[in-house]
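**Q** Kindly return the folded structure for what I paste below:
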Amino acid sequence: MARVLVIGGTGRSGSEIVRELVELGHEVAVLHRGEHESEGPTSARHFHGKGDDEGFLRMVASEFRPDSLLHMMVLNPSHVEVIARTFSSLERFVMVSSGDVYDAFAAIQEGRVSPHPVPISEDAPLRTGGYPKHYTAGYDKLAAERAALAAQKAGRLPSVVLRYPGVYGPGPVREWYWVKRIQDGRRQIALPGGGLDLFHRGATRNLAHATVLTLERARPGTVYNTGDQRQYTVRQLTDLIAAIGAHQWEAVPVPAGTWEAGTPYTTGGNIFLYDQSRIEAELGYADVISADEALRLTVEHLAKNPPGPIAQIHPRAFDYEAEDAVIAKYRELAEDAGGGL
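**A** Take a look at the predicted model:
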């Protein structure tokens, strides 16, 4: 068994990761700011401090002496560099990254259709431009990935990159877009492009399992996509969430771009679907919870625990008067099209 240091580890998937590592017999320590204590196993040790404070990291390295390190909060190359300088005897360094490094993701943000084929493999074209202004200052996952892989090539840090998809599970997640509508008694919902968009998602338990497998088995220098093995279009999610909430509404297709506050998984006509064959073949990944069950648990949690504002949900998402105006404008077109665009 290994000593595993997790930087971050108190969020939705992080708590699940720590729990699975402890259940497998690993000795685990979590390094975080102390602002949010996880509900994970009491046997996991906690260090409170900043993940980019080199002096603090040296103390943790000396006291805990980890074999592997999982960093869930890498935002830019400086975060990688401080780890490379501080931890000199790691067997594996796993950096949690994001699909926002792909050009296909940049296309969604920029309102263009990606020319790249799907599913998106780890070797697909990466973004060439910067990140939107609303991202955290200094955020650059792509540069961080490159720094980690360069450190691996130079023999300084045995790096593995794990690209997360859209995360969901019990907690403040994008699915609130639908659950709040159910609670507000909405009987119609506008779906840009008919809801045919697809954005790769991953349940927290499945992401945790993929991360643990990566910590235990991955070959340094490798990049992996991860997420649920079963994926749903926006229209399918709309119907599934309504069924879970015992609710009925009319899903009204409207042309893409006509409802700016469309669902948080609306992609402007893109299919953002990962190829997960590498992590399945090399690490033996398989979902530990079905997408249907994970969605049910998510919806039920949100119904009982309404969250505050969620960054991925448009500020006008619940402006029902504006949404109704869009629906009224295009309802006749939808009916003429037989319910689909």
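**Q** rest of the way, CA atoms for contacts and neighbours
**A** OK.
**Q** Might you list the low-confidence residue ranges for the stretch 51-200 of the chain?
**A** Flagging of the stretch 51-200 of the chain using pLDDT under 70 yields an empty set of residue ranges.
**Q** now residue 65: how far from residue 87?
**A** Distance of residue 65 to residue 87, computed by C-alpha to C-alpha, to the nearest Å: 9 Å.
**Q** Those two: who's more crowded?
**A** When residue 65 and residue 87 are compared for neighbours, residue 87 comes out ahead with 21 against 16, by other C-alpha atoms under 10 Å.
**Q** wait, what's in contact with that one?
**A** Taking C-alpha atoms under 8 Å, 6 or more residues apart in numbering as the contact definition, residue 87 lies against 58, 61.
**Q** Touching, residue 214 and residue 285? I think so.
**A** No. Under the contact definition of C-alpha atoms under 8 Å, residue 214 does not touch residue 285, with a separation of 9.4 Å.
**Q** out of these two, which sits in the more crowded spot?
**A** Set side by side, residue 214 and residue 285 show more neighbours around residue 214, with 26 against 21, by other C-alpha under 10 Å.
**Q** Which SSE is immediately downstream of the host helix or strand of that one?
**A** With elements taken from DSSP states H and E, the one containing residue 214 is helix 204-217. Under the assignment DSSP H and E, the closest C-terminal helix or strand after helix 204-217 is strand 223-225.
**Q** Show me what counts as buried in the very next helix or strand once past that next one.
**A** On the C-terminal side of strand 223-225, the closest following helix or strand by DSSP H and E is helix 234-244. Counting neighbours by 16 or more other C-alpha atoms under 10 Å, one finds that the buried residues in helix 234-244 are 234, 235, 237, 238, 239, 240, 241, 242.
**Q** Name the nearest of those relative to residue 330.
**A** Within these, the smallest distance to residue 330 is 17.1 Å, found for residue 235 (C-alpha to C-alpha).
**Q** Would you enumerate the residues in contact with the closest one?
**A** When contacts are counted by C-alpha under 8 Å, 6+ apart, residue 235 touches 191, 194, 195, 196, 197, 251.
**Q** The strand or helix carrying the first one vs helix 234-244, what angle?
**A** Read that as residue 191. Counting by DSSP H and E, the element that carries residue 191 is strand 188-192. Strand 188-192 and helix 234-244 are oriented at 160 degrees to each other (axes from the mean of the first three to the mean of the last three C-alpha atoms, to 10 degrees).
**Q** helices or strands next to the longest helix seen in the chain in the packing?
**A** When every helix of the chain is counted residue by residue (DSSP state H), the longest turns out to be helix 320-336. Helices and strands touching helix 320-336, as assessed by 3 or more C-alpha pairs under 8 Å, 6 or more residues apart in numbering; DSSP states H and E, comprise strand 188-192, strand 250-254.
**Q** Around residue 116, how many other residues sit close by?
**A** Applying other C-alpha under 10 Å, we find 14 other residues in the vicinity of residue 116.
**Q** wait, what's in contact with it?
**A** Residue 116 touches 104, 124, 125, counting by C-alpha under 8 Å, 6+ apart.
**Q** Show the buried residues in the residues you listed.
**A** Judged by neighbour count, with 16+ other C-alpha under 10 Å as the criterion, the buried members of these are 104, 124.
**Q** Using a markdown table, lay out the contacts of residue 116 together with secondary structure.
**A** Formatted as a markdown table, the contacts of residue 116 follow (DSSP: H, G, I helix; E, B strand; the rest coil):
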| residue | secondary structure |
| --- | --- |
| 104 | helix |
| 124 | coil |
| 125 | coil |
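**Q** Dump the contacts of residue 116 into a markdown table; add distance to residue 30 as well.
**A** Written out in a markdown table, the entries for these read as follows (distance: C-alpha to C-alpha, whole Å):
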| residue | distance to residue 30 |
| --- | --- |
| 104 | 33 |
| 124 | 33 |
| 125 | 34 |
